[in-house]
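1. Sequence and predicted structure, then a few things I'm wondering about:
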Amino acid sequence: MMSEVKKIRITQVASGNGQKPGMQATLIGLGLNKLRRSVEKAATPEVLGMVNKVKHLLKVEELG
């Protein structure tokens, strides 16, 4: 039985300017590079780890 993959919407709410280069690269890896941009991603361990690294710059919502 396959489990359903949960999706999350990630919105950038703060600038990556002035952050460490690794944090800026993480934002780009998530597909974010401007304020108020949103992307929808599957909630995989890799994506959740990236979100956790820059969580102070993001707003995360679970999608039904």
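-> Structure's in. What do you need?

2. contacts, neighbours, all on C-alpha from now
-> Will do.

3. where do the strands sit along this protein?
-> Counting by DSSP state E, the chain has strands at residues 7-12, 38-42, 58-63.

4. Please identify the buried residues of the last one?
-> By neighbour count, with 16 or more other CA atoms under 10 Å as the criterion, the buried positions of strand 58-63 are residue 58.

5. which residues touch that strand?
-> Outside strand 58-63, the residues that touch it by CA atoms under 8 Å, 6 or more residues apart in numbering are 6, 7, 8, 9, 10, 11, 12, 13, 14, 51.

6. Likewise for the first one?
-> With contacts defined as CA under 8 Å, 6+ apart, strand 7-12 is touched by 32, 34-43, 57-64.

7. same deal with the shortest one?
-> With CA under 8 Å, 6+ apart as the test, strand 38-42 has contacts from 5, 6, 7, 8, 9, 10, 11, 12, 30, 31, 32, 47.

8. if you set the cut-off to 10 Å instead, what comes out?
-> For strand 38-42, contacts defined as CA atoms under 10 Å, 6 or more residues apart in numbering pick out 5-13, 30-32, 47-48, 58-63.

9. before we move on, back to that, among the contacts of strand 58-63, which two are most distant?
-> Within the contacts of strand 58-63, two members stand farthest from each other by CA to CA: 6 and 14, at 24.7 Å.

10. Test my guess that residue 13 contacts residue 36.
-> Yes. Using CA atoms under 10 Å, residue 13 is in contact with residue 36, at 5.7 Å.

11. so where's this structure uncertain?
-> Applying pLDDT under 70 to the chain picks out residues 1-3.

12. One more pass at 90, please.
-> 1-5, 64 (pLDDT under 90).

13. Helices of that one, residue ranges please.
-> 21-29, 45-53 (DSSP state H).
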